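# Output the structure for:
(one chain, ligands or ions: 1)
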Amino acid sequence: MRQESLSLEEFQQKFATEEGCQEHLFRMRWPEGYKCPRCTHDRYYYHRSRDLYECKACRYQVTLTAGTVFHGTRTSLRKWFWVIFLMARPKSGVSMLSLQRMLKIKSYKTVWMMGHKIRKAMAARDSHYKLAGLVEMDDSYFGGKVSRAKKEEAPWAKVKS
Ligand SMILES: [Zn+2]
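Model (predicted):
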């Protein structure tokens, strides 16, 4: 199922909050709802303070960002998503320096590392370097799979921590 690239405005609305970005990531990671990576159980506890999902059956703990380019980052997902979005736009020619200024990312080193990881993920299609479906590697369009997500209550809204 194909979808046109998101416009700037659509992107802005969709990923306006950190929660919106987490929701997107959650759906990319667990399209059918949470599933424990170890035992496939579907119930979990969410530990907000550490942003951890813990399996109710086997107690395995996993973060939303594990196995993605966002793993271990201290930069907000919002800023990450913007960098990916802007880098993925065809012929955008946007420089990392201008991204740093636009998104108010503190150090150039940080934005440089982000760009490095994103480029690597785009080039390698490495499953351990997923871009959360933000970029379809074939034609650099955004979020095609998300449109099929069920319009039901967000999975994490049910979570009790
Ligand atoms: Zn489990």
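# Could you pull out the buried residues of the lengthiest helix in the chain?
As assigned by DSSP state H, the longest helix anywhere in the chain is helix 108-124. Residues of helix 108-124 classed as buried: 110, 111, 114, 115, 117, 118, 121, 122 (neighbour count, 16 or more other Cβ atoms under 10 Å). Using the backbone N, CA and C atoms, a C-beta is placed for each residue, glycine as well.
# Low-confidence stretches in the protein?
Counting by pLDDT under 70, the ranges of the chain that qualify are 1-5, 90-92, 124-130, 135-161.
# Which stretches in it count as helices?
8-14, 18-29, 77-88, 96-102, 108-124.
# nearest to residue 68, of those?
helix 18-29 (7.4 Å; Cβ to Cβ).
# If we go by neighbour counts, what in that closest one is buried?
20, 21, 22, 23, 24, 25, 26, 27, 28, 29.
# what's the answer for stretch 75-91, then?
By neighbour count on 16+ other Cβ under 10 Å, the buried set for stretch 75-91 is 75, 77-89.
# would CSV of these with distance to the ion be doable?
Listed next are these as CSV, based on distance: Cβ to the ion, whole Å:
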residue, distance to the ion
75, 30
77, 25
78, 30
79, 32
80, 28
81, 29
82, 34
83, 33
84, 30
85, 34
86, 37
87, 36
88, 34
89, 39
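# Just put the helices of the chain in JSON lines and tack on distance to residue 132.
Formatted as JSON lines, the helices of the chain follow (distance: least, Cβ to Cβ, whole Å):
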{"stretch": "helix 8-14", "distance to residue 132": "13"}
{"stretch": "helix 18-29", "distance to residue 132": "5"}
{"stretch": "helix 77-88", "distance to residue 132": "8"}
{"stretch": "helix 96-102", "distance to residue 132": "18"}
{"stretch": "helix 108-124", "distance to residue 132": "10"}
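# Out of the ones you listed, flag the one nearest residue 133.
helix 18-29 (4.3 Å).
# and the angle for the closest one with helix 77-88?
70 degrees (axes from the mean of the first three to the mean of the last three Cα atoms, to 10 degrees).
# by contact count, what packs against helix 18-29?
helix 77-88 (3 or more Cβ pairs under 8 Å, 6 or more residues apart in numbering; DSSP states H and E).
# elements contacting the helix it packs on?
helix 18-29, helix 96-102, helix 108-124.
# The longest one vs helix 77-88, what angle?
Between the axes of helix 108-124 and helix 77-88, defined by the same axes, to 10 degrees, the angle is 60 degrees.
# Just the CA trace of helix 108-124, in CSV.
C-alpha atoms of helix 108-124 as CSV (Å, rounded to 0.1, in the frame of the first residue of the first chain):
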residue,chain,number,x,y,z
TYR,A,108,27.2,20.0,16.4
LYS,A,109,28.7,16.7,17.4
THR,A,110,25.3,15.4,18.4
VAL,A,111,23.6,16.4,15.2
TRP,A,112,26.5,15.1,13.2
MET,A,113,26.3,11.7,15.0
MET,A,114,22.5,11.6,14.3
GLY,A,115,23.1,12.3,10.6
HIS,A,116,25.8,9.6,10.5
LYS,A,117,23.5,7.0,12.0
ILE,A,118,20.6,7.9,9.8
ARG,A,119,22.7,7.8,6.7
LYS,A,120,24.1,4.5,7.7
ALA,A,121,20.6,3.1,8.4
MET,A,122,19.3,4.4,5.0
ALA,A,123,22.2,2.8,3.2
ALA,A,124,22.5,-0.4,5.0
